[in-house]
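> I need the structure of the sequence given here:
(2 chains)
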Amino acid sequence: METSNRNTRLTRIGIMAAFTALSCLGTMVIKIPIPATTGYFNIGDMFVILAGLWLGPIGGLVVGALGPTIADAIGFPVFIPATFVMKGLEGLLVGLIAGGANASMVRKVIAACVGGATIVAGYFMFEAFIYPALGKSIPAFAVTDIGAALVEIIPNSVQAVIGVAGGLALWRAVKGVRIGNQDQHQS
Amino acid sequence: MTSTGFLNYARIRPWWLRLFILLLFALPMFGIGGLPVQLRSDAVFQDLGVWVSYGVFVWLLVGLAVGAEKLLSWLCVGVIFGLTVAVSGVVLRHMKVWELIQHLADYVSKSSPTVSTVEAELVKRLIVIMIAVPYSLLVLESFPASDILRRAARPNGSKHAELWLAVAIFLRVFQHVFEVAGNLLLAWREENPRLLLPRHQRDWHGLGAGAGLLRWIKSSVWSWSVTLLEQALLFVPTAVRDWSRIGR
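Predicted structure coming up:
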């Protein structure tokens, strides 16, 4: 029994690592630049939302905070703080709301939508208020203002919709797969 | 780590010193060390030249550690990632979406960048990604999971054996996904020799061409994502089965 629990725990860590790398790759492979804020559009949210839905809040938090942040370090380091906080929060909220493996489909959809909305609202907060404030003391952060943040709501919303739809679609593909006694660990 | 014998970062002990040295090389990418994070509109080419010089320095460090062949394959991945930024930016301009966003930005933002600055910025991003991808892969390879496993399997019983085992599995699976992605990119390249355009695009005509391209993009992204997901997850049970005996 103890061996089985240990293997389940290690398998969850392995899957978390795989999703972290996948969300990093999803963020890196397709990057469409947004001129107003020097940010970019990507599809990494699909894997963050999938991690929250399938692995629960801790898995969502780890995957969201690490994967896209590593991708930002490659070429877009100024966005590291915003990505670390907001994508981590996205994965955490999706996992908390989604419930266990037996939760209803409606609950999963609501969880994914909250995750998408978190990204749009969160990046707006960072770009409109936090980065301009930081930019006064650290010039590297002075890349956005409230106008640019307003402009970025459009591409961020498109990114969120693709992330929610893609995350839910991928979750349907893997939802029958249980990782040991999954419900027990997702509480 | 494959080494040419000139430089082998994996041999630097302790591990935190290795991490510190590798991070030192990356500091200029974060604007520490004189590299222009934001291009000056009156000195665009000088600034781009500084980035290219730094790139040559990093490629040299990577090349001396892993050899020319591996450096080139990593550069190939970097170029593909970098091109998605540059090409999608150009496509947006061609579709006039760029101007639309630019006008909107001009209207609502006092500090919106000019189109020429944005174009130069795209070139800079291509260069930065071409530098950052080989560097990141070098860092990843400089911390072999086998070293961490050895720590977990010490006969006198490490206090944190379980933690090291978890770290080793996390790191190895993470590295595995990047190896798989590299192979999938090569497979994609063989399947689509023109890289960003489908092989069968000649079958599409008129209005149907746009719809065909959209369908192709959707199915390509979907099949690429699912294949990557499958290949990534397949490795997990094997790694856990083989390594879970350690430290028990």
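
> then stretch B:136-148 to PDB, C-alphas only?
Extracted C-alpha coordinates of stretch B:136-148, given in PDB (Å, rounded to 0.1, in the frame of the first residue of the first chain):
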ATOM      1  CA  SER B 136      18.700  27.300 -21.900                       C
ATOM      2  CA  LEU B 137      19.300  23.900 -23.300                       C
ATOM      3  CA  LEU B 138      22.900  24.000 -22.100                       C
ATOM      4  CA  VAL B 139      21.700  24.900 -18.600                       C
ATOM      5  CA  LEU B 140      19.200  22.000 -18.700                       C
ATOM      6  CA  GLU B 141      21.900  19.600 -19.800                       C
ATOM      7  CA  SER B 142      24.400  20.900 -17.300                       C
ATOM      8  CA  PHE B 143      22.300  19.400 -14.500                       C
ATOM      9  CA  PRO B 144      22.000  15.700 -15.400                       C
ATOM     10  CA  ALA B 145      19.200  13.800 -13.500                       C
ATOM     11  CA  SER B 146      21.700  10.900 -13.000                       C
ATOM     12  CA  ASP B 147      23.800  13.100 -10.600                       C
ATOM     13  CA  ILE B 148      20.700  13.800  -8.500                       C
END
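
> buried ones in that stretch?
Across stretch B:136-148, burial judged by 16 or more other Cβ atoms under 10 Å in any protein chain shown covers B:136-145, B:148. For every residue, glycine as well, the C-beta is placed using N, CA and C.

> mind listing the helices for chain B?
B:15-26, B:44-66, B:68-94, B:97-108, B:115-141, B:145-152, B:161-191, B:206-243 (DSSP state H).

> now mean pLDDT and distance to chain A too, for these, in CSV please.
Listed next are those as CSV, based on pLDDT from 0 to 100; distance: least, Cβ to the nearest Cβ, whole Å:
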stretch, mean pLDDT, distance to chain A
helix B:15-26, 89, 8
helix B:44-66, 90, 11
helix B:68-94, 79, 4
helix B:97-108, 62, 4
helix B:115-141, 82, 4
helix B:145-152, 78, 10
helix B:161-191, 82, 3
helix B:206-243, 79, 4
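
> what's the closest of those to A:Ala140?
helix B:115-141 (13.7 Å; Cβ to Cβ).

> neighbours of B:Glu190, how many?
8 (other Cβ atoms under 10 Å in any protein chain shown).

> please apply the same query to A:Gly67.
Residues lying near A:Gly67 (other Cβ under 10 Å) number 31.

> in what helix or strand does A:Tyr40 lie?
strand A:39-41 (DSSP states H and E).

> quick check: the residue of chain A nearest chain B.
Across chain A, the shortest distance to chain B (Cβ to the nearest Cβ) belongs to A:Gly147, at 3.0 Å.

> which strand or helix spans that residue?
helix A:146-174.

> quick one: that helix to helix B:206-243, angle?
Here helix A:146-174 runs at an angle of 70 degrees relative to helix B:206-243 (axes from the mean of the first three to the mean of the last three Cα atoms, to 10 degrees).

> now do helix A:146-174: distance to the chain's middle.
10 Å (Cα atoms, centre = their mean, to the nearest Å).

> can you check stretch B:72-85 too?
Distance, centroid of stretch B:72-85 to centroid of chain: 8 Å (Cα atoms, centre = their mean).

> where do the strands of chain A begin and end?
A:32-34, A:39-41 (DSSP state E).

> pLDDT weak spots in chain A?
Where chain A drops to pLDDT under 70, the residues are A:1-3, A:33-39, A:75, A:178-187.

> again, 80 this time
For chain A, applying pLDDT under 80 flags the ranges A:1-6, A:29-43, A:74-77, A:101, A:139-140, A:142-143, A:151, A:175-187.

> okay then, goodbye and thanks.
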